[in-house]
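# just coords:
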Ligand SMILES: NC(=O)c1ccc[n+]([C@@H]2O[C@H](COP(=O)([O-])OP(=O)(O)OC[C@H]3O[C@@H](n4cnc5c(N)ncnc54)[C@H](OP(=O)(O)O)[C@@H]3O)[C@@H](O)[C@H]2O)c1
């Protein structure tokens, strides 16, 4: 496929259209509106079969159009946010409307850029992998640029997804590993939070207090890694005094192979991601 000649997207007036008015689209759209990155009248979507999805978008001012075709026609940036099973049919149906003025973005897990570009007949594409904390403005998002996407396109999409968290760029070949880490990672941490709260209950704490303490502890520890820039091993050493309580707890974690288990979890999820979307 020939690279396409890109026309600059008008930064002050461009519109973003979501194809697939689901949970991920809603969390991105809400983030865009709440952060002031985009007013709601510049966000478009259409209901597929479930009217309550439309109500969710209308509740923060997003305009609903009668059909995805109208969404593509009226948008400068089209974000594909349907489930992987239906994306091919959806893209083939919308293909005639993908003029080269439009930037296409996919947040669909496990669907490769080369397939998306082929189905769409369009190489001005950016593949983005956000994760579920986008719903609370704390996504870890990675984006990869397609053949004809320009540097300005990349900056625009980084700004849009910056409204729901942090954004990195990476080669698409790393997306399976990224899925195994930041894609599945929230679930690993939910498990850890639940288990630590159980530990608190086992040690005599009321459930609600235990859950509150552990959630804030995870938030605080992550924030220390990000804000101090210190290596997590250093931060661990800083709180583990000789013969103290913390090192006694750490010793138990190490006996159970804590670090090896976490490493294996990421590698297993990355492997599974590769198996589910073979090249
Ligand atoms: N949730 C996450 O954290 C996350 C993270 C990374 C990537 N993703 C990706 O984001 C995508 C959406 O996930 P989600 O969690 O938002 O799923 P979801 O809530 O099920 O959203 C999918 C939406 O697509 C709509 N839809 C189905 N067929 C359609 C069609 N032919 N034309 C237009 N719209 C159609 C559905 O509408 P109806 O319900 O009305 O049929 C639904 O509202 C997935 O591909 C997933 O891989 C999600």
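Sure, I can see it. Note that the structure is predicted; figures quoted are calculated from it, not measured.
# Every contact and neighbour count from this point should use C-alpha atoms.
Noted.
# So what touches the helix ranked longest in the chain?
Assignment by DSSP state H gives helix 207-228 as the longest helix of the chain. Applying Cα atoms under 8 Å, 6 or more residues apart in numbering, the set of residues contacting helix 207-228 from outside is 193, 194, 196, 197, 198, 200, 201, 231, 232, 235.
# And for stretch 116-126?
Against stretch 116-126 from outside (Cα under 8 Å, 6+ apart): 1, 3-4, 6, 88, 91-92, 94-95, 98, 100, 102-106, 113, 143-150, 154.
# Residue 136: neighbour count?
13 (other Cα atoms under 10 Å).
# average pLDDT across the longest helix of the chain?
Helix 207-228 shows a mean pLDDT of 98.
# Now do the same for residue 122: helix, strand or coil?
coil (DSSP: H, G, I helix; E, B strand; the rest coil).
# Can you tell me how far it is from the ligand?
Distance, residue 122 to the ligand, using Cα to the nearest ligand atom, to the nearest Å: 19 Å.
# burial count for that residue?
Residue 122: 23 neighbours (other Cα under 10 Å).
# Now do the contacts for the closest residue to residue 102 other than its chain neighbours.
Nearest residue to residue 102, sequence neighbours excluded (Cα to Cα, 6 or more residues apart in numbering): residue 76, at 5.0 Å. Going by Cα under 8 Å, 6+ apart, residue 76 touches 9, 14, 15, 16, 17, 101, 102, 103.
# in the stretch 51-200 of the chain, which spans are strands?
Counting by DSSP state E, counting those that start in this stretch, residue ranges of the strands within the stretch 51-200 of the chain are 63-65, 77-80, 103-106, 125-129, 139-145, 165-169.
# so which of the ones you listed gets nearest the ligand?
strand 125-129 (5.3 Å; Cα to the nearest ligand atom).
# Could I get the contacting residues of the residue of the stretch 151-279 of the chain found nearest the ligand?
Taking Cα to the nearest ligand atom as the measure, the stretch 151-279 of the chain has residue 183 as its residue closest to the ligand, at 6.6 Å. By Cα under 8 Å, 6+ apart, the contact list for residue 183 reads 129, 130, 131, 132.
# coming back round to it: and the contacts of residue 76, which is closest to the ligand?
Looking across the contacts of residue 76 and measuring by Cα to the nearest ligand atom, the closest to the ligand is residue 17, at 11.4 Å.
# Confirm that closest one sits in a strand?
Yes - with three-state DSSP as the criterion, residue 17 is located in a strand.
# which residues does it bridge with?
Assessed by DSSP bridges, residue 17 has beta-bridge partners residue 44, residue 78.
# can you check residue 125 too?
In beta-bridge terms (that is, DSSP bridges), residue 125 pairs with residue 104.
# For stretch 34-44, give me every contacting residue.
The contact list for stretch 34-44, computed with Cα under 8 Å, 6+ apart, reads 13-18, 29, 32-33, 60-65, 71, 75, 159-160, 163.
# change it to 10 Å
By Cα atoms under 10 Å, 6 or more residues apart in numbering, the surrounding residues in contact with stretch 34-44 are 12-19, 21, 28-33, 57-58, 60-65, 68, 70-72, 74-78, 137, 159-164.
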